[in-house]
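Chemist: The sequence and its predicted three-dimensional model are supplied below.
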Amino acid sequence: MKTVRDYQPAEQTRKSYVRAFYITIIGNLLLVAVKAVVASLTGSAALYAETANSASDVVYSLLMVFGLWISQKPPDHSHPQGHSRFEPLVGLLVTFSMAFAGYQAASTSIFKLLAGGIAVKPGLPTMVLVMTAITKGVMYYAILQLSQKTQSPALHATAQDNLTDVMTSSAAFLGILGSYYVSPLLDPIAGLLVSAWIFKAVIGLILENIKYITGGSADKDVVEQILHITNSVPGVLRVHELVTEYVGPRLVVEMHVNVRGDLPLTEAHRINDEIVNRVLHNVQDVDRVYVHLEPENES
């Protein structure tokens with residue numbers, strides 16, 4: 001009986017991770033170099049915040065390689081269910097890197113806000129931010145596709161970081177325009193908005209990855225989906241116990257199902273297999289399904 005989902009072959013997963021790394025490291029190195037030069041020339045707090053954010057992206061790109069390499073090691077005596085829980089750890093490293101960038105952005109912006117701000121002339125800074133938004137948009141789409149193929153929380157965190165960068169670049173763009181045409185204070189205010197976007201993303205990603213690491217249960221809608229699928233299998237009377245638990249980014253399902261007590265063994269086995277196959281093929285996060293069949297008079 002099949003109880004474990006088939007994921008893409010290990011070699012394809014490795015290639016997806018390598019592709020994600022090159023996209024991330026090359027894109028971020030290019031952006032941090034351009035932003036650092038322009039920020040130093042213009043003195044823009046919003047652009048400095050963006051530079052700090054891109055610098056943190058380079059750091060987590062390097063950490064990501066090591067963590068994903070460990071997560072791909074096969075099960076062994078010390079980790080009989082595999083090493084997939086290392087992936088959420090990588091996701092947390094990404095968020096810590098993002099949090100540091102948010103702190104740097106906020107502290108710089110507050111300092112310049114208290115100093116009265118400066119008017120940043122549009123031109124090169126705004127061109128850099130437009131380039132950043134476009135580049136990060138492309139990176140977000142590419143990494144998101146790879147994260148969906150591999151079901152990787154680390155790549156999901158990376159994709160969300162890229163999406164956040166699109167939003168923060170837009171905020172910095174508006175801040176620079178506002179500092180020149182409206183008030184110099186709008187540039188550091190935009191820097192604070194950049195840091196706020198970063199911290200918002202950090203909180204969501206921390207909660208998500210902690211759930212994976214600590215063995216949290218599936219969301220209510222996922223549990224209801226599993227129950228609906230199981231109860232729709234011919235021969236199932238009811239599900240009287242259902243436990244879901246994340247083992248790293250993979251969801252393990254254990255359930256007790258009531259069937260008629262006079263069923264032949266072959267029919268009971270068919271029902272068991274049907275439940276497992278339907279859940280595996282219709283619920284994306286599920287990796288393993290364990291079903292215990294019981295006579296209808298037991299609960």
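Modeler: Ah, there it is.

Chemist: what about Ser56, distance to Thr158?
Modeler: Plainly put, Ser56 is 12 Å away from Thr158 if you go by Cβ to Cβ, to the nearest Å. Quick note: C-beta positions are derived from backbone N, CA and C, even for glycine.

Chemist: Between these two, point out the one with more neighbours.
Modeler: Set Ser56 next to Thr158 and count neighbours by other Cβ atoms under 10 Å: Thr158 wins out with 29 against 25.

Chemist: Wait, the more buried one touches Phe21, no?
Modeler: No: look at Thr158 against Phe21 with Cβ atoms under 8 Å: they stay out of range, at 9.5 Å.

Chemist: Give me the common contacts of those two.
Modeler: Common contact partners of Thr158 and Phe21 (Cβ atoms under 8 Å, 6 or more residues apart in numbering): Met64.

Chemist: so what does the strand or helix carrying Val37 touch, helix or strand wise?
Modeler: Element membership for Val37, per DSSP states H and E: helix 10-42. For helix 10-42, the packing partners by 3 or more Cβ pairs under 8 Å, 6 or more residues apart in numbering; DSSP states H and E come out as helix 45-71, helix 124-150, helix 153-181.

Chemist: Quickly list the domain ranges of the protein.
Modeler: According to automatic domain parsing, the chain comprises the domains 10-212, 220-295.

Chemist: so which of those domains is the most packed in?
Modeler: Burial of the domains of the chain is given as mean neighbour count (mean count of other Cβ atoms under 10 Å); domain 10-212 ranks first at a mean of 20.

Chemist: roughly how far is that domain from the heart of the chain?
Modeler: Mean-position distance between domain 10-212 and its chain equals 12 Å (Cα atoms, centre = their mean, to the nearest Å).

Chemist: pull the helix or strand with minimum mean pLDDT from this protein.
Modeler: Least confident helix or strand of the chain, by mean pLDDT, DSSP states H and E, is helix 45-71 with a mean of 72.

Chemist: which is the next helix or strand following it?
Modeler: Helix 45-71 is succeeded, C-terminally, by helix 86-114 (DSSP H and E).

Chemist: So, low pLDDT: which residues of the protein?
Modeler: The chain contains residues with pLDDT under 70 at 1-11, 45-46, 60, 65, 71-76, 78-84, 117-120, 297-299.

Chemist: can you do 90?
Modeler: 1-133, 136, 145-220, 240, 245-251, 261-262, 281-288, 296-299 (pLDDT under 90).

Chemist: helix/strand/coil for the residue of it most remote from its centre?
Modeler: Distance from the C-alpha centroid of the chain peaks at Asp262, with 47.3 Å (Cα atoms, centre = their mean). Assigned with DSSP: H, G, I helix; E, B strand; the rest coil, Asp262 falls in the coil class.

Chemist: and the gap between it and Gly235?
Modeler: Distance from Asp262 to Gly235, by Cβ to Cβ: 12 Å.

Chemist: pretty sure Glu50 contacts Val166?
Modeler: No: assessed by Cβ under 8 Å, Glu50 is found out of contact with Val166, at 11.4 Å.

Chemist: host element of the residue lying closest to Leu92 once chain neighbours are set aside?
Modeler: Distances taken as Cβ to Cβ, 6 or more residues apart in numbering place Asn209 nearest to Leu92, at 5.0 Å, with adjacent residues excluded. Per DSSP H and E: Asn209 is located in helix 186-213.
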